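*Asks:* Kindly generate the corresponding structure for this input.
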Amino acid sequence: SMLRVQAPRARLGTARPDTGLERTRAVFIQPSVRRAVRKVSFAVASLATLAIAWHFSVGTLFNSMLVASPEATFAKIGKMLASGELVLHVGVSLRRVLIGYIIGCALGILLGAVLGRVRIIAEFVDPVIELIRPISPVAMVPLAMLWFGIGELSKYFIIIYATVIIVLLNTAAGVSR
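*Replies:* Purely as a prediction, here's the structure:
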């Protein structure tokens, strides 16, 4: 029997002579940077897909008289930004939110402190709070419009309602401990 000796095989990728080019091409990317790039890439792809779907659905799935195209929407945003109208409207909305939030927090803290301290009032009011707690502020919009009309008061009511329930419950829980 003949004994054959084989030369050890070179591993894949090591058969080429080392010219130093491989080292300069290989760029090490930190895992956190790689995750961030991946996250941004998916966000951009997702938003681009949404914009394309929006573009093709106007006039086909949706009536173009009811739903504006992305082009028309962004053109209007550009005009409103240039004229300062958009900034004005955003400012009015932020003012509403701030005033409603401050009133809602004040009411929530005041009522929550009373409910957290006075047990008999808490037991009396708890069924009412538990009844209205799961009602979404969005579901209250038609009622607010019926009760207060289309003006500012209905808008403030929705913001105050959304704020006061959360603040009241958390304040009552904090005070009672």
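*Asks:* Run a quick check on I132 versus I165, I expect a contact.
*Replies:* Yes - with contact defined as C-beta atoms under 8 Å, I132 counts as touching I165 (7.1 Å). To be clear about C-beta, it is placed using only N, CA and C from the backbone, and glycine gets the same treatment.
*Asks:* of these two, who's got more company?
*Replies:* Neighbour count, other C-beta atoms under 10 Å: between I132 and I165, I165 has more, with 18 against 10.
*Asks:* Backbone torsions only: list them for V58.
*Replies:* With angles defined as degrees, to the nearest 10, V58 sits at phi -70, psi 120.
*Asks:* which of the residues in the helix or strand encompassing L146 are buried?
*Replies:* Element membership for L146, per DSSP states H and E: helix 141-148. For helix 141-148, a neighbour-count test (16 or more other C-beta atoms under 10 Å) marks A144 as buried.
*Asks:* what packs against it?
*Replies:* helix 152-176 (3 or more C-beta pairs under 8 Å, 6 or more residues apart in numbering; DSSP states H and E).
*Asks:* Just give the number of residues close to T171.
*Replies:* When neighbours are counted by other C-beta under 10 Å, T171 registers 20.
*Asks:* Nearest residue to it in space, please, no chain neighbours.
*Replies:* G112 (2.7 Å; C-beta to C-beta, 6 or more residues apart in numbering).
*Asks:* Ranking helices and strands of this protein by mean pLDDT, which lands last?
*Replies:* helix 21-25 (a mean of 52; mean pLDDT, DSSP states H and E).
*Asks:* Does the residue nearest to T171 touch I165 like I think?
*Replies:* No - assessed by C-beta under 8 Å, G112 is found out of contact with I165, at 10.0 Å.
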